[in-house]
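Student: please find the sequence and the predicted model below.
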Amino acid sequence: MNIYVLLKKTFDTEEKINVSNGEIEDDGAEFIINPYDEYAVEEAITQRDAHGGEVTVVTVGDEESEKQLRTALAMGADKAVLINTEDDLEEGDQYTTAKILEAFFEDKEADLILAGNVAIDEASGQVGPRLAESLGISFVTTITSLNIDGETANIEKDVEGDVAVIETSLPVLVTCQQGLNEPRYPSLPGIMKAKKKPLDELEIDDLDLDEDDVEAKTKTVEIFLPPEKEAGRVLEGDVSEQVQELVSLLRNEKKVL
């Protein structure tokens, strides 16, 4: 079985993120595998161990993205591919990423493609479905269970607090979320083995693409941090007085009524 995982490098949201002049400061920032993508890596390894084949992790990013690919290899993936756009593209969006991946998968025979449900930096959840549509294959988002029997995939999908059960044929693309599995930590032997596993690097020229083919369809207008939380306020008096004061604050101070 040919299994692929779409990986993204994201900021570590457990660390402090600084914004200066409308841009996030990269210097000193910590980067990690997008947490939802870790569920995709774990599921890919589980399916490979059950059905055979190999797992290839793919990312569209810069030279620094190699660290996250090596982490996925240390978890147990077999191969990695970095599509380096650092020198070719100044800006990109979900359309850009999906278009590049479409070109990458054009000559691949993928049985199963896994991705995170969303990326924690932009949270659009678009790349996986866009790619599946362009490849002409089925896709199921926000999955919580995946069982493959031959050429058939039986999938459970989260739907607003309930579960939908879906049956589809391979190839299929799925996006993964918390509850699907528990991602493993890279072991020391896994880290040592990862250093010897193949990691190929491509540029968009290698995919017969140029900058105009993958030009972003959206533009980031502004980046800013949310305002600091204000101290809470305790309303005095009986219930009717508290309600009156609350309505007054919402109307006159917060301007939400």
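Tutor: Received the coordinates, thanks.

Student: which other helices and strands contact the longest helix along the chain?
Tutor: Of all the segments of type helix in the chain, defined by DSSP state H, the longest one is helix 35-51. For helix 35-51, the packing partners by 3 or more Cβ pairs under 8 Å, 6 or more residues apart in numbering; DSSP states H and E come out as strand 2-7, strand 54-61, helix 66-75, strand 112-116, strand 138-149, strand 172-176. C-beta here means a position set from N, CA and C on the backbone, and glycine is covered the same way.

Student: rerun at 10 Å
Tutor: Judged by 3 or more Cβ pairs under 10 Å, 6 or more residues apart in numbering; DSSP states H and E, helix 35-51 is in contact with strand 2-7, strand 9-11, strand 31-33, strand 54-61, helix 66-75, strand 112-116, strand 138-149, strand 172-176.

Student: ok, then the element right after the fifth one?
Tutor: Translated: helix 66-75. Downstream of helix 66-75, the next assigned helix or strand under DSSP states H and E is strand 79-84.

Student: quick one: strands adjacent to that following strand?
Tutor: strand 54-61 (parallel), strand 199-202 (parallel) (DSSP bridges).

Student: if I look at Ile33, how far off is Glu63?
Tutor: 16 Å (Cβ to Cβ, to the nearest Å).

Student: I meant to write Leu146 there.
Tutor: To Glu63, Leu146 is 33 Å away according to Cβ to Cβ.

Student: same question for Pro198.
Tutor: Counting by Cβ to Cβ - Pro198 and Glu63 are separated by 17 Å.

Student: and the residue lying closest to Glu109 once chain neighbours are set aside, what are its bridge partners?
Tutor: Distance criterion Cβ to Cβ, 6 or more residues apart in numbering; nearest residue to Glu109, sequence neighbours excluded, is Asn2 at 5.7 Å. As for beta bridges, Asn2 partners with Glu54 under DSSP bridges.

Student: what do you get for the one 4 residues further on?
Tutor: On the basis of DSSP bridges, Leu6 takes part in beta bridges with Val58, Ala115.

Student: can you check Asp162 too?
Tutor: Under the criterion used (DSSP bridges), Asp162 bridges to Val159.

Student: what count of nearby residues applies to it?
Tutor: By the measure other Cβ atoms under 10 Å, the count of residues near Asp162 is 7.

Student: can you check Asp121 too?
Tutor: Asp121 has 14 nearby residues by other Cβ under 10 Å.

Student: what do you get for Glu167?
Tutor: Residues near Glu167, counting by other Cβ under 10 Å: 10.

Student: what sits against the residue nearest to Ile100 when sequence neighbours are not counted?
Tutor: Spatial nearest neighbour of Ile100, chain neighbours left out: Val60 (5.2 Å); criterion: Cβ to Cβ, 6+ apart. The contact partners of Val60, taken as Cβ atoms under 10 Å, 6 or more residues apart in numbering, are 6-9, 81-85, 89, 92, 96-101, 104, 127, 202, 204, 214.

Student: re earlier: more neighbours: Leu146 and Glu63, which one.
Tutor: Between Leu146 and Glu63, Leu146 has the larger neighbour count (other Cβ under 10 Å), namely 22 against 11.

Student: picking that back up, could I get the longest helix of the chain in CSV with only the CA atoms?
Tutor: As requested, the backbone C-alpha atoms of helix 35-51 are provided in CSV (Å, rounded to 0.1, in the frame of the first residue of the first chain):
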residue,chain,number,x,y,z
PRO,A,35,-0.2,18.8,16.0
TYR,A,36,-3.1,17.5,13.8
ASP,A,37,-0.6,16.1,11.3
GLU,A,38,0.9,14.0,14.1
TYR,A,39,-2.4,12.0,14.1
ALA,A,40,-2.0,11.6,10.4
VAL,A,41,1.6,10.3,10.7
GLU,A,42,0.6,7.8,13.5
GLU,A,43,-2.4,6.5,11.5
ALA,A,44,-0.3,6.1,8.4
ILE,A,45,2.2,4.0,10.3
THR,A,46,-0.6,1.9,11.9
GLN,A,47,-2.1,1.2,8.5
ARG,A,48,1.3,0.3,7.0
ASP,A,49,2.0,-2.1,9.8
ALA,A,50,-1.4,-3.7,9.3
HIS,A,51,-1.4,-3.9,5.4
